[in-house]
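Colleague: I'll drop the sequence and a predicted model, then ask my questions.
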Protein chains: 2
Amino acid sequence: MKYINQTELDNMTPRYRAHVINSLSGFKSANLIGTRNKENIYNLAIFSSVVHMGASPALVGFITRPNSVVRHTVENILKTKEFTINQVNDNFWQAAHQTSARYDTGVCEFKQTGLTPLIIDGVDAPFVKESLLKYALKLKEVIPIQLNDTSLVIGEITDIICNKEAIKSDGYIDIESLNTVSISGLDSYHTSRRLSRISYAKPDSSPFNLSLDGEQPD
Amino acid sequence: MKYINQTELDNMTPRYRAHVINSLSGFKSANLIGTRNKENIYNLAIFSSVVHMGASPALVGFITRPNSVVRHTVENILKTKEFTINQVNDNFWQAAHQTSARYDTGVCEFKQTGLTPLIIDGVDAPFVKESLLKYALKLKEVIPIQLNDTSLVIGEITDIICNKEAIKSDGYIDIESLNTVSISGLDSYHTSRRLSRISYAKPDSSPFNLSLDGEQPD
């Protein structure tokens, strides 16, 4: 095992350090966030920091940096109070990655990457048609993080669009069957291979494997 | 595709709804957080909400609920200002899951699950010996999220312990080679299969695949 202390961390070049630190948090979800600006131009950007905040109310958040390449996403959300989150799958992961290029204001990432906007009644922000699990959110709060000038943007889920077959009988959604991808570090993409679903842990017994539908096998 | 609106969401049973909403954010990292209390009892709890906050300073955060089963983790961090984060791999994922059982105060999850505490000079919180990528953090800030009575706990990385071979020449850590697992929903665990590393996206060109060391193949 290699041991890296604070001094060695401080002495790393910024790029090397970015690769190391971005690898530490483990596999990260790969999601495209869709927004619309006041001129009705759609914007799309990939995020690896989407995080579950709670089921009731149904809240999802993500971390953002105001001056980064994703500044349009945040500006649009602040103005329109609305966005979509679209899981990336292995059919369009390269196009999803390409949304992180620093396009000029007014350039539509859908057009640049070949992804297809999907609009439904009651939601102004665009979904990604190619995504097999996606949802719309209303902005609830932007929490500034002064430590490093980032923000936690939190939305409440209003509408979900999901491949029917992936929704199991207890509500679990089999995102592996959707070929949803994850990210490690800054630039590595991965599909998944299930070990198992596993029973709710209790102090006096060992957990056991569950079926995909959440049932204890006979 | 199935379309679920707000009314259908509101009418779901709490358990069904928890499964659905927990599936939406995509693959989540699986990490054990190690702490020590004032009576020198070690505590260990699994978290699926660890999120990269920034590389410089090197900040990692996680979402927690004060009255949940992980209350001991948060109490200990507030008292000792220190914790470790340990990536879960496929050799001990069931034991890691078992740490989520509601053990009484004073019960040590290491003893209950068979995982091994590892202590190094200068860090009071215990690492998980079985983890192949782990790091210590000093508490920097606890940000309350009033929307749903949760908190974002942020630490700064001070020490990293990692399998040597997994660290590539540009700093990328090949966590797939460590068999690091991810979580989907509330209870499904997954290993990964790499699609590729991919080049930094630029507006005027398409991204291309990189080698594991981050180099463009000939």
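Modeller: Yep, that arrived. Here the structure is a predicted model, which means the values were calculated and not measured.
Colleague: residues of the lowest-mean-pLDDT helix or strand in chain A that come out buried?
Modeller: Comparing every helix and strand of chain A by mean pLDDT, DSSP states H and E singles out helix A:71-80 as the least confident one, with a mean of 92. If you call a residue buried by 16 or more other C-beta atoms under 10 Å in any protein chain shown, then helix A:71-80 has these buried ones: A:71-77, A:80. Bear in mind the C-beta positions are built from the backbone N, C-alpha and C, glycine included.
Colleague: show me what it is packed up against.
Modeller: The helices and strands touching helix A:71-80, judged by 3 or more C-beta pairs under 8 Å, 6 or more residues apart in numbering or on different chains; DSSP states H and E, are strand A:31-36, strand A:42-47, strand A:82-87, strand A:133-145, strand A:150-162.
Colleague: include mean pLDDT, distance to residue B:19 and mean neighbour count when you put these into TSV, please.
Modeller: TSV is the format used below for the helices and strands packed on helix A:71-80 (pLDDT from 0 to 100; distance: least, C-beta to C-beta, whole Å; neighbours: other C-beta atoms under 10 Å in any protein chain shown):
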stretch	mean pLDDT	distance to residue B:19	mean neighbour count
strand A:31-36	98	19	27
strand A:42-47	96	23	24
strand A:82-87	98	16	26
strand A:133-145	98	13	19
strand A:150-162	97	12	22
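Colleague: what's the closest of those strands to residue B:123?
Modeller: Between residue B:123 and the helices and strands packed on helix A:71-80, the shortest separation by C-beta to C-beta is 24.6 Å, and it involves strand A:133-145.
Colleague: how many neighbours does the residue nearest to residue A:174 when sequence neighbours are not counted have?
Modeller: Nearest residue to residue A:174, sequence neighbours excluded (C-beta to C-beta, 6 or more residues apart in numbering or on different chains): residue A:166, at 4.7 Å. One way to gauge burial is a neighbour count; for residue A:166, by other C-beta atoms under 10 Å in any protein chain shown, it gives 18.
Colleague: likewise residue A:88?
Modeller: Counted with other C-beta under 10 Å, residues neighbouring residue A:88 total 30.
Colleague: that one is in contact with residue A:132, isn't it?
Modeller: No. Using C-beta atoms under 8 Å, residue A:88 makes no contact with residue A:132, being 9.9 Å away.
Colleague: mutual contacts of those two, please.
Modeller: When C-beta atoms under 8 Å, 6 or more residues apart in numbering or on different chains defines a contact, the residues bordering residue A:88 and residue A:132 alike are residue A:180.
Colleague: partners of the most centrally placed residue in chain A in the sheet?
Modeller: To find the centre residue of chain A, average its C-alpha atoms and take the closest one (C-alpha atoms, centre = their mean): that gives residue A:31, at 3.3 Å. Partner residues in beta bridges with residue A:31, using DSSP bridges, are residue A:47, residue A:87.
Colleague: against residue A:21, how distant is it?
Modeller: For residue A:31, the distance to residue A:21 equals 20 Å [C-beta to C-beta, to the nearest Å].
Colleague: got the helices and strands packed on helix A:71-80 as a markdown table, with distance to residue B:162 columns?
Modeller: Written out in a markdown table, the entries for the helices and strands packed on helix A:71-80 read as follows (distance: least, C-beta to C-beta, whole Å):
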| stretch | distance to residue B:162 |
| --- | --- |
| strand A:31-36 | 27 |
| strand A:42-47 | 25 |
| strand A:82-87 | 29 |
| strand A:133-145 | 26 |
| strand A:150-162 | 25 |
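Colleague: quick one, which of the ones you listed is nearest to residue B:218?
Modeller: Closest approach to residue B:218 among the helices and strands packed on helix A:71-80 is made by strand A:42-47 (28.1 Å; C-beta to C-beta).
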